[in-house]
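Asker: let's see this in three dimensions:
(2 chains)
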Amino acid sequence: MHTIFALATARGKSGVAVIRISGPAAHQVGAALARDLPAAGRFALRTLRDAGGGILDQALILRFDAPRSFTGEDSVELQLHGSIAVIRAVERAISDTGLARMAEPGEFTRRALMNGNLDLAQVEGLSDLIAAETEMQRQQAQSLFTGAMRGFADTCRADLLRAAALIEATIDFADEEVPVDVSPEVGQLIARVIVAIDAELAGFSGAERLRAGFEVAIIGRPNVGKSTLLNRIAGRDIAITSEIAGTTRDVLEVRVDLDGLPVTFLDTAGLRDSTDAIERIGVARARQRAEAADLRILLDDGQEVAPDFGLAIDLRYATKSDVTGFGISALTGEGVDQLLADVSAALSDKLSGMGVASHERHRQALMRARDALNLAQTAFASGTGAEILALHLRDGAAALDSLIGRMDVESVLGEIFAQFCIGK
Amino acid sequence: MKHAPFDVIVIGGGHAGAEAAHSAARAGARTALVTMRRDTIGVMSCNPAIGGLGKGHLVREIDAMGGIMGLAADRSGIQFRLLNRRKGPAVRGPRTQSDRALYRAAIQSLLAEQPNLTILEGEVADLILTDGRIVGVELADGARMGAGAVVLTTGTFLRGVIHIGDRKMEGGRIGDKPSNRLAQRLRDLSLPLGRLKTGTPPRLRSSSIDWARLEMQPADDDPMLFSFLSTAPTVRQIACGITHTNERTHDLITANLSRSAMYGGHIEGVGPRYCPSIEDKVVRFADKTSHQIFLEPEGLDSDVVYPNGISTSLPEDVQHDYVHSIVGLEQAEILQPGYAIEYDYVDPQSLNAALELPMLPGLFLAGQINGTTGYEEAAAQGLMAGLNAARQVAGQGPVILGRDRAYIGVLIDDLVTRGVTEPYRMFTSRAEYRLSLRADNADQRLTPLAADLGLIDQTRSALFEGKLNALAQGRALLEGETFTPREIAAQGIPINQDGQRRTGMDILAFPDIAPTQIDPLLPAFADLPDEIRTQLAIEALYRTYVDRQQRDADALRRDEALTIPETLDYSDIGGLSNELRGKLTRIRPQTLGQAGRIDGMTPAALALILTRIRQDERLRA
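Answerer: Residues are numbered from 1 along each chain as shown, chains lettered A, B, ... in the order given. Down below sits the predicted model:
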């Protein structure tokens, strides 16, 4: 078992840099640099020295004893002055002890997972949390990281465990004083879990978009002010704007935090039939991206009724109010706040009913569970044998378990023994 | 006294010992069964019944392997009942009440008929070791017997202590002395020992019971027997009585609870949750005002009745009072008081899957010494321990049954992988491949293997071949012709008029179809024996599920094929939690599949173990 270390903060100049050391020799490594360590769970200020006694830095040193650390192993954290040279010197000194090696990417988290300090969904939540850019994303990741998926799975599992126990009791203890007809309760339990899974699945696409970020396509005929609007939203000149129709060819993107939502606005080529080969490619791309986007805003300068271009339009605005006197003006900013509020409201709508499931892996596990429980419900309704119903329940529970952990027959028997008086 | 050396010595003549001696002898080993008293071989110490759910499956498997428990149960069965008759065929379990005397006689005569097998009376006091390997046993009279391997089946006799209220006496069973010297020896060898307890109810005199007031439960009209060789019960069938405890019974028990050995704090061993004493039932399920009791006659000519459901460790006077409070038992005479018994067991996690103790090569353990309860669980282990001991002496590798192949495999794998926290009993819910591991197909699952191992005789082989041929013929008939929905509906079978043609097998897979309903469509099928027709209908019913489970089983077999080298050093594998590392070091799983079933094992940890095995292989290559 190797002891590993790594810089936990971003490399570069900073106020403080943190080096984490984890593994069986972590305390030994810490002591090699700092002479002695504070008590478990405490910190102390120490002078770090290399093997030759040369001073490396004045550092705050924190000691964690297994299993009460992030990884579940003995760990030490060094809070150094955030200097590139100091970091390098301390890393070299740690390496020179011969007791620890550089960690591979993600290795601390993997150890936390192995030691059961985090479940798989929590690891996903942690990675989301680090990647989170907006408030809504932070809240979503935080919920996954703090174990909301385990909570969901545990609740469903408790219901399935109870249903399985009722079924198994009628099979394995047929001669005992267990209830003969357990079907009303079993039916209710299965239905309840299906409702919970369906709710997660219904909220999945919103949750997944929140995690990955929304895309909003700005479309319309050439020269209606799409690029001007993009620049207005970005607050700087990203797109080239001109009076010449067909200026924008590529799809341009601006990523913004809209009321906590991560939103990428797409400026696209004006939609029209063109003889210019390059513009035609631009129009094709515009359509493609607009179709895939979460929301499509159609701009028009109001001179005639704009066609839909065969796309599902979510929001429409008349532009150039500075000229026409109605609608919005990307140039002056008039009405743009309202447009952003409309976008924010439309996207927030998509988040209604959002649950914890936000990764494709979650969706697949939920679908597997749903399929198994559908079979269970069919078996149940058609009066198929209890042993077959039990098989489907087992499959469903295993699928839910794959979200975080596992279930076994001992827990089913445990449930039975807790509920019924078994034994003649 | 000096004996010629044996290949295998089996210590103990209970259900594990009898089966172990028989299977070792069948496997070709010169075998000795050593027991304290020859006349107690095959005694049923507790309830006079064989089989049940999960347990009945085990007996069918023992029989399919050529064992004796099924035959003895059939020869002594006085009330055959197929449990779960109205449930799916996979979860039906054959059970019978046995006449104790007939059962014991059947076992003793089956052992006597077996060539290669010698029965000796004596108390084994010591194990003889040379260079850490078991090479024989020493009897209490000082006689030494050499052996290539030893199977130890001590049941409840290891430091057995019997409790009746606050009275406490040494004993392996009431009236029999315990094996204390051997227990001391096992302690000296520092085997990981623990303490379990079990209990038994008072025995009642049949003629003192007011049977007329009781509800009676008859035997089945068309009994399912245990052995594939048997066709019908050989002795008269009887009925059991049913009565119930009542509030007065419960009050008496509650009032005297502190005088119970269990509740008085005299017992340290852990008892089974599924076989609670009447004290336990009254305490744990205080809201229930009545518990069911089966009054099971212990034999055709016996005046002893076993009241199933009121095992106890209360003092005798309380036993009298509460028994007399029960309807029909007002005048019942207690012939032998109920008691609790505590005994030593060896942590089965220290065994390998052949049921050998790797720390004492040549020593195999079977039955209650491994933490199980039940005659059937004991016999199943005995069968495998005897077989593997014989094979080891002959220089052959062990036979290990997978979880996808037999309840016996589930039983042994559970024991050696997960250990026990209470006396272990088989349930059908322990078998993840329950739909394929059925009582009806135990022979198809195991008899070919037993034939390859030379464990079965000509009669059984021929009978099995005949059945296989008939099944093949039936399958060919069922698959050979297809029918339109119209033709099928004409037989009164509800069906979608979807234009799909279906085979006989497809039709049998519909729920609630009796084989007779397709007879008019397939007259040749009607000519097959009922047993074959029923078996094919069961196959059809489960076919889709069994195919699906087969894929899981294939994955399992891949994992089982991956053996973990015995030398693997878990302390050297990075990323394993300390808890898992400790378990792996203690249990030493033999395959990756077994490692995967260790409690708390994670896919990530398995991946680490696999990676290390692969790295080591590359290094060696």
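Asker: span of stretch A:4-21 from start to end?
Answerer: 6 Å (C-alpha to C-alpha, to the nearest Å).
Asker: what does that stretch rub up against?
Answerer: A:3, A:22-23, A:29-30, A:70, A:75-84, A:86-87, A:90-91, A:94, A:100-104, A:107-108, A:111 (C-beta atoms under 8 Å, 6 or more residues apart in numbering or on different chains). Where you see a C-beta, it was placed from the backbone N, CA and C, and this is true even at glycine.
Asker: make it 6 Å
Answerer: For stretch A:4-21, the external contacting residues (C-beta atoms under 6 Å, 6 or more residues apart in numbering or on different chains) are A:22-23, A:29, A:76-80, A:82, A:87, A:94, A:100, A:103, A:107.
Asker: what sits against B:Val124?
Answerer: B:11, B:34, B:137, B:182.
Asker: pretty sure the second one belongs to a strand, no?
Answerer: Spelled out, that is B:Val34. Yes: residue state for B:Val34 (DSSP: H, G, I helix; E, B strand; the rest coil) corresponds to a strand.
Asker: hmm, back to that, just the ones of the contacts of B:Val124 in strands?
Answerer: Using DSSP state E, the members of these that fall within strands are B:11, B:34, B:137.
Asker: rewinding a little: now the two most distant members of the contacts of stretch A:4-21.
Answerer: The span of the contacts of stretch A:4-21, defined through C-beta to C-beta, is set by A:Gly23 and A:Gly82 at 24.4 Å.
Asker: roughly how far apart are A:Ala51 and chain B?
Answerer: Using C-beta to the nearest C-beta, to the nearest Å, A:Ala51 is found at 25 Å from chain B.
Asker: farthest-apart pair in the contacts of B:Val124, please.
Answerer: Maximum distance among those (C-beta to C-beta): 11.1 Å, for B:Val34 and B:Leu182.
Asker: if we can go back for a sec, turn the contacts of B:Val124 into JSON lines, columns for distance to chain A and neighbour count.
Answerer: Converted to JSON lines, the contacts of B:Val124 look like this (distance: C-beta to the nearest C-beta, whole Å; neighbours: other C-beta atoms under 10 Å in any protein chain shown):
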{"residue": "B:Ile11", "distance to chain A": "30", "neighbour count": "27"}
{"residue": "B:Val34", "distance to chain A": "34", "neighbour count": "25"}
{"residue": "B:Val137", "distance to chain A": "36", "neighbour count": "25"}
{"residue": "B:Leu182", "distance to chain A": "31", "neighbour count": "23"}
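Asker: got the residues you listed as a markdown table, with distance to A:Val224 and pLDDT columns?
Answerer: As requested, those are exported to a markdown table (distance: C-beta to C-beta, whole Å; pLDDT from 0 to 100):
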| residue | distance to A:Val224 | pLDDT |
| --- | --- | --- |
| B:Ile11 | 96 | 96 |
| B:Val34 | 101 | 96 |
| B:Val137 | 100 | 95 |
| B:Leu182 | 97 | 84 |
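Asker: quick one: mean pLDDT over stretch B:508-525.
Answerer: The average pLDDT within stretch B:508-525 is 85.
Asker: over to stretch B:379-386?
Answerer: Rounded mean pLDDT across stretch B:379-386 is 98.
Asker: repeat for stretch B:57-67
Answerer: Across stretch B:57-67, pLDDT averages out at 98.
Asker: same check, this time on stretch B:415-423
Answerer: Mean predicted lDDT for stretch B:415-423 stands at 92.
Asker: how about stretch B:566-585?
Answerer: The model assigns stretch B:566-585 a mean pLDDT of 81.
Asker: and residue 7, its phi and psi?
Answerer: Unless you meant another one, I'm taking chain A. phi -70, psi 120 (degrees, to the nearest 10).
Asker: was after chain B, sorry
Answerer: Dihedral angles for B:Asp7 - degrees, to the nearest 10 - are phi -70, psi -50.
Asker: that one: how many residues sit nearby?
Answerer: 22 (other C-beta atoms under 10 Å in any protein chain shown).
Asker: nearest spatial neighbour of it, skipping sequence neighbours?
Answerer: B:Ala29 (3.8 Å; C-beta to C-beta, 6 or more residues apart in numbering or on different chains).
Asker: ok, now which ones touch the one you found?
Answerer: B:7-8, B:390, B:393.
Asker: pull the longest helix from chain B.
Answerer: Looking only at chain B and at elements set by DSSP state H, the helix with the highest residue count is helix B:530-561.
Asker: which strands and helices lie in contact with that helix?
Answerer: Judged by 3 or more C-beta pairs under 6 Å, 6 or more residues apart in numbering or on different chains; DSSP states H and E, helix B:530-561 is in contact with helix B:458-480, helix B:504-508, helix B:592-596.
Asker: what about the last one, near chain A?
Answerer: What it means is helix B:592-596. No: Helix B:592-596 is not in contact with chain A by C-beta under 6 Å from any C-beta of the partner chain; minimum separation 10.1 Å.
Asker: tell me how far the residue in the stretch 251-400 of chain A that chain B sits nearest to lies from B:Ile538.
Answerer: Closest residue of the stretch 251-400 of chain A to chain B, C-beta to the nearest C-beta: A:Gly385 (3.3 Å). Using C-beta to C-beta, to the nearest Å, one gets 11 Å for the distance from A:Gly385 to B:Ile538.
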